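> Quick one, fold the following:
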Amino acid sequence: MEERQISKAVIKRLPRYYRYLGEILNNGVERISSGELSTKMQVTASQIRQDLNNFGGFGQQGYGYNVKFLYDEIGKILGVDKKHPMIIIGGGNFGHALANYDFEKGKIYGFIGQNGAGKTTFLRLVTGLAFPTSGTLSLWGNSGTEELQKQRKRIGSMIETPALFPSMTAYQNMEVQRIQRGIPDKSVIKRTLDMVGLQDTGKKSVRNFSLGMRQRLGIAIALLNTPELLILDEPINGLDPAGIVEIRNLLKILNKEYGMTILVSSHILEELYQTASEFILIDHGKIIEEISDYELNERCKRHIAIKTTDVQKTVLVLEENLHTDNFKLMPDGIIRLYDYLNDLETVASALAESHILVTGLSVSGDTLEDYFLSKIGGTKDVKSPKN
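Coordinates of the predicted model:
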């Protein structure tokens, strides 16, 4: 296959293209237009065409893009093994919204939702702490009780509070877990304690650990089996600011230095925003959106929202009169201008002098709280980062 030159911005959007194309492919959609894609992706139709012109599959045997062709080609770029996605849940309380969700290796995923949204239930099902009363569960293409137990050896998890023996040292707690789980190599204990920064605790019993140290020990226990996927449910609950920073830094080290794929569940948006590279929003047991940190920042970026009766002429005025190309044309016809944020009058004057009828002109930009809550649909139990 001929090597493609794909920009970093496009690479960041490919996982979202891939997931959406997979979703509509499962629904029997064979072709889709750039306009339909732009509505879902929240970028312009022209941007869609620029993103996808490397892949082909356009205009063959009908209008728009060949969905299966694009899905397969983007999957090759992402290195996705479509035969064995990490987690599939279908039917039951979760419907089909979580079907075929494949976590990309080496990323930190923030799993966001209000209390009661279904985060912990999902994680307990995946890790074997709960069992589905209906529907199906598959891990890496395997289902059935025995096969799921085998596949769960590839997952490390800390769901809620870690179970520790307070009178024992960190090493002794790890040794108990190693024996219970049938891990033969004793050296894994020292290696794992080094990873979480607890190598120098010596004979200090766990009852004398700070809450942050106990959480780190819980994470160390989750890492004993050298997992492909680390799942942590509310790991910073109850921690003081210093403890929160400890856990945040630890997760970044595990991700960057050890290439660990991590799924962190929390309703504290501030910490997830500072930690995760991808965000999964869940509400009433359904994934309602997946978005990267780059896309999140773009959508929340402050801008001047311009609405006029003549979009093409407005674009010319911005480029020729105001000498800027730092703007985006949205699918709904609104132009987002990222310059002149503190000089609204200059923009208004330039449009007026060109006899353009302006129907909307204001400085806009969601806070992260506004964005998440607009998707999740509520305010209870969700805490936001400060912009």
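> Confirm V29 sits in a strand?
No: under DSSP: H, G, I helix; E, B strand; the rest coil, V29 sits outside any strand and is assigned coil.
> ok, it touching V67?
Yes: between V29 and V67 a contact is recorded at 5.6 Å, counting by C-beta atoms under 8 Å. Yep, even glycine has a C-beta here, placed from its N, CA and C like the rest.
> Which one's more surrounded, those two?
More crowded of V29 and V67, by other C-beta atoms under 10 Å: V67, with 21 against 14.
> what's the distance between the more buried one and T145?
Separation of V67 from T145 (C-beta to C-beta, to the nearest Å): 35 Å.
> Where does pLDDT dip in the stretch 1-150 of the chain?
1-9, 12, 23, 26-27, 40, 42-43, 54-63, 78-102, 134-135 (pLDDT under 70).
> which residues of the stretch 1-150 of the chain fall in strands?
All strands of the stretch 1-150 of the chain, identified by DSSP state E, counting those that start in this stretch, fall at 31-32, 65-66, 87-90, 108-112, 136-139.
> Which other helices and strands does the fourth one contact?
On a contact count with 3 or more C-beta pairs under 8 Å, 6 or more residues apart in numbering; DSSP states H and E, strand 108-112 meets helix 119-127, helix 241-258, strand 261-266, helix 269-275, strand 278-283.
> and what of the second one?
Contact partners of strand 65-66 among helices and strands, from 3+ C-beta pairs under 8 Å, 6+ apart: strand 31-32.
> what about the strand it packs on, distance to the chain center?
26 Å (C-alpha atoms, centre = their mean, to the nearest Å).
> Then stretch 67-76?
Relative to its chain's centre, stretch 67-76 lies at 21 Å (C-alpha atoms, centre = their mean).
> do the same with stretch 334-341
Distance of stretch 334-341 from the chain centroid (C-alpha atoms, centre = their mean) equals 27 Å.
> Quick check: buried residues in it?
334-337, 339-340 (16 or more other C-beta atoms under 10 Å).
> In strands only, show me the residues you listed.
Cross-referencing the buried residues of stretch 334-341 against strands under DSSP state E gives 335-337.
> Pick the one among those closest to Q215.
R336 (40.8 Å; C-beta to C-beta).
> State the distance from the nearest residue to that closest one once chain neighbours are set aside to F327.
Ranked by C-beta to C-beta, 6 or more residues apart in numbering and with sequence neighbours excluded, the top spatial neighbour of R336 is H303, at 4.2 Å. The gap separating H303 from F327 is 8 Å, by C-beta to C-beta.
> what sits in contact with each of the two?
336-338 (C-beta atoms under 8 Å, 6 or more residues apart in numbering).
> Pipe those residues into a markdown table and attach pLDDT and distance to E175 per row.
Shown next, in a markdown table, are those (pLDDT from 0 to 100; distance: C-beta to C-beta, whole Å):
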| residue | pLDDT | distance to E175 |
| --- | --- | --- |
| R336 | 89 | 57 |
| L337 | 92 | 61 |
| Y338 | 88 | 56 |
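> now those residues as JSON lines including distance to D72?
Output for the shared contacts of H303 and F327, formatted as JSON lines (distance: C-beta to C-beta, whole Å):
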{"residue": "R336", "distance to D72": "33"}
{"residue": "L337", "distance to D72": "38"}
{"residue": "Y338", "distance to D72": "36"}
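> Contact partners for the residue nearest to I112 when sequence neighbours are not counted?
Closest residue to I112 apart from its sequence neighbours, by C-beta to C-beta, 6+ apart: L281 at 5.2 Å. By C-beta under 8 Å, 6+ apart, the residues touching L281 are 112-113, 287-291, 372, 375-376.
> what's the closest of those residues to L230?
Taking C-beta to C-beta as the measure, L230 sits nearest to I112 out of the contacts of L281, at 17.4 Å.
> And that closest one, how far from G365?
20 Å.
> returning to that earlier point: pick out whichever of H303 and F327 has more residues nearby.
Between H303 and F327, counted using other C-beta under 10 Å, H303 has the larger neighbour count: 22 against 19.
> wait, the more buried one sits on V363?
Yes: at 7.5 Å, H303 counts as touching V363 under the criterion of C-beta under 8 Å.
> Find the residues that touch each one of those two.
L341.
> quick one: which of the contacts of L281 is nearest to R16?
R16 has its nearest neighbour among the contacts of L281 in E290, at 6.4 Å by C-beta to C-beta.
> sec struct for that closest one, please.
Assignment for E290 (three-state DSSP): strand.
> Which strand residues bridge it?
For E290, the beta-bridge partners under DSSP bridges are I280.
> check contacts around it.
15-16, 19, 278-281.
> now swap in F165 and tell me
172-173, 176, 206 are the contacts of F165 under C-beta under 8 Å, 6+ apart.
> make it 7 Å
173, 176, 206 (C-beta atoms under 7 Å, 6 or more residues apart in numbering).
> quick one: the second one is in a helix?
Yes: using three-state DSSP, the assignment for V176 is a helix.
> For it, which non-adjacent residue is spatially closest?
F165 (6.8 Å).
> Phi first, then psi, for that neighbour.
phi -90, psi 110 (degrees, to the nearest 10).
> Same question for F327.
Backbone torsions of F327, given as degrees, to the nearest 10, read phi -150, psi 160.
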